[in-house]
Every structure is written in C-alpha cells, then in structure tokens.
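[1] with the sequence up front, the predicted model follows.
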Amino acid sequence: MTRLAPSILAADLAQLGEEVAACEAAGADRIHIDVMDNHFVPNLTMGPGTVAACRRHTGLPLEVHLMVLEPDAIIPAFVAAGAGLVTVHAEAVRQLHRTVASIHRLGAQAGVGVNPATPVGWLEDILPEVELALVMSVDPGFGGQPFLPRALDRLRELRRLRDAVGARCELEVDGGVEADNAVACAAAGADVLVAGSAVFGVPGGAAVGLACLLDRVGRGPARL
C-alpha cells in the first residue's frame, strides 16, 4: 500500500494544529516536517518546537527531514520533541553510519536521502541499516517546485539496489509530487509519497488534496 506523508512546509502555519488534524482525518499515514538551515539549502524553516506542536494535534507518526549541515547536534532535540523518524542527507553528514546509529540509540527510526544530482548508489551500503531511503525529486529548499522526471529512474535504481542487498527499508520520494505523477512514483518503487502543495495548496485544502491522491494510488476516498 502506497503511504502518504503531507509536508507541512506548504501548510498554513498560522493554523498548524488544524491543518495537521485535517490530514489525519483525511487519511494521511504520517506527517512530514521539512527542516532547513539556510546553509545546506537556501531556506530557513522549522525547529523542534514545530514538531512538539504537531505532536499535540495528531497521533500520526511524525517524520523529520533534516536538510541541514552537521545534523548530529540537533537530532536529539527533534526526537525529544516527538519525531519518530529522522532523515538526514548523505551529502550533509561526515560519518553516515555513526549518525544512523545515534538516531537508533535515541529510539527513533532513521532515514537517509540524496539530492537529484547525487548518485543513488551512495546509499547502497547504508540501506540495510535504515528504515527509509529518500529520493529527492526537486532540488531541496523550496516548496512548489516542478517534479524532475529523472527521479522515476532513480527510484527504480534504488529499488533494485535495495532488493540486491536484501534491505527492507521503505523508499520515499519528495518534491513536486501531485496527482498527475503519484501513480508513476508508486510504480517506480516509492512506498511513501511526500506531498505539500498538492495537499494544502488546492481549493478545499487537505481533505480535497488527500482525497485526490488517495484515489490516484488506489486507496479509495479519504476518511472524512
């Protein structure tokens, strides 16, 4: 079953609690929280306080996507705030196995992602150690960007690598995911679709956006 992870980067942060609760009611599987540091990517977004605020308004798992340089120092604060899964970028970490191990010691699941220009082969050795591997389908930093079609080939390649090494991690795609490409992403190997603008940016908001995505991936109408 393809799982949906709305990214609150596109949500109305003045109504964050209501937005997160609406996602849960509409059938989302988890909440995706994009953290940017204005160094690894050209934007500055959320901190552990945002994670704690989401935790108060939903029982869904919270996955934190750290698009930051040197993430090790801040990971404990995000786990303490309620993150059940923490994803770091292979390009941003000095000792990737050590970082993954530290996430696990804190009691959270670990994910590792790569940018569009980074070979997915970078992840081959770490795949058996993580719960999630992320393919970025845009250059990270801003929401609302168009999907890069090459991501489909990269998902297929990563799925082959995962199967070859006998790993069991989920494959996730993030960036420009919408109703028109959701099926292709799932067919290419994505277990989890991260969607921001396609959820929160449509008329009717999360309930309508998620209903459309759920229908496209064959999961029927949203829970309303």
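    Ah, there it is. Note that the coordinates shown come from a computational prediction; the quantities given were computed from them, not determined experimentally.

[2] any chance you could list what contacts the longest helix along the chain?
    Identified as the longest helix of the chain according to DSSP state H is helix 150-165. Outside helix 150-165, the residues that touch it by C-beta atoms under 8 Å, 6 or more residues apart in numbering are 116, 120-121, 123-124, 127-128, 133, 135-137, 169, 171, 173, 175, 184-185, 188-190. Backbone N, C-alpha and C define where each C-beta goes, glycine included.

[3] please save the CA atoms from it in PDB.
    C-alpha atoms of helix 150-165 as PDB (Å, rounded to 0.1, in the frame of the first residue of the first chain):
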ATOM      1  CA  ARG A 150      14.500  11.600 -13.800                       C
ATOM      2  CA  ALA A 151      13.500  10.800 -10.300                       C
ATOM      3  CA  LEU A 152      11.500   7.900 -11.600                       C
ATOM      4  CA  ASP A 153      14.600   6.200 -13.000                       C
ATOM      5  CA  ARG A 154      16.400   6.900  -9.700                       C
ATOM      6  CA  LEU A 155      13.600   5.300  -7.800                       C
ATOM      7  CA  ARG A 156      13.800   2.200 -10.000                       C
ATOM      8  CA  GLU A 157      17.500   2.000  -9.500                       C
ATOM      9  CA  LEU A 158      17.200   2.400  -5.700                       C
ATOM     10  CA  ARG A 159      14.600  -0.300  -5.600                       C
ATOM     11  CA  ARG A 160      17.000  -2.600  -7.400                       C
ATOM     12  CA  LEU A 161      19.800  -1.800  -5.000                       C
ATOM     13  CA  ARG A 162      17.500  -2.400  -2.000                       C
ATOM     14  CA  ASP A 163      16.500  -5.800  -3.300                       C
ATOM     15  CA  ALA A 164      20.000  -6.700  -4.200                       C
ATOM     16  CA  VAL A 165      21.300  -6.100  -0.700                       C
END
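
[4] report the buried residues of that helix.
    151-152, 154-155, 157-159, 161-162 (16 or more other C-beta atoms under 10 Å).

[5] re the thing from before, buried members of the contacts of helix 150-165 into PyMOL, please.
    Here is the PyMOL selection string for the buried members of these, based on 16+ other C-beta under 10 Å:
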select buried, resi 120+123+124+127+133+135+136+137+169+171+173+175+184+185+188+189+190
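
[6] and Gly49, how many neighbours?
    Other residues within reach of Gly49, judged by other C-beta atoms under 10 Å, total 10.

[7] excluding chain neighbours, what is closest to it?
    Ala81 (7.2 Å; C-beta to C-beta, 6 or more residues apart in numbering).

[8] that neighbour and Gly141: what is the separation?
    23 Å (C-beta to C-beta, to the nearest Å).

[9] which of these two has more neighbours?
    Ala81 (19 against 16).
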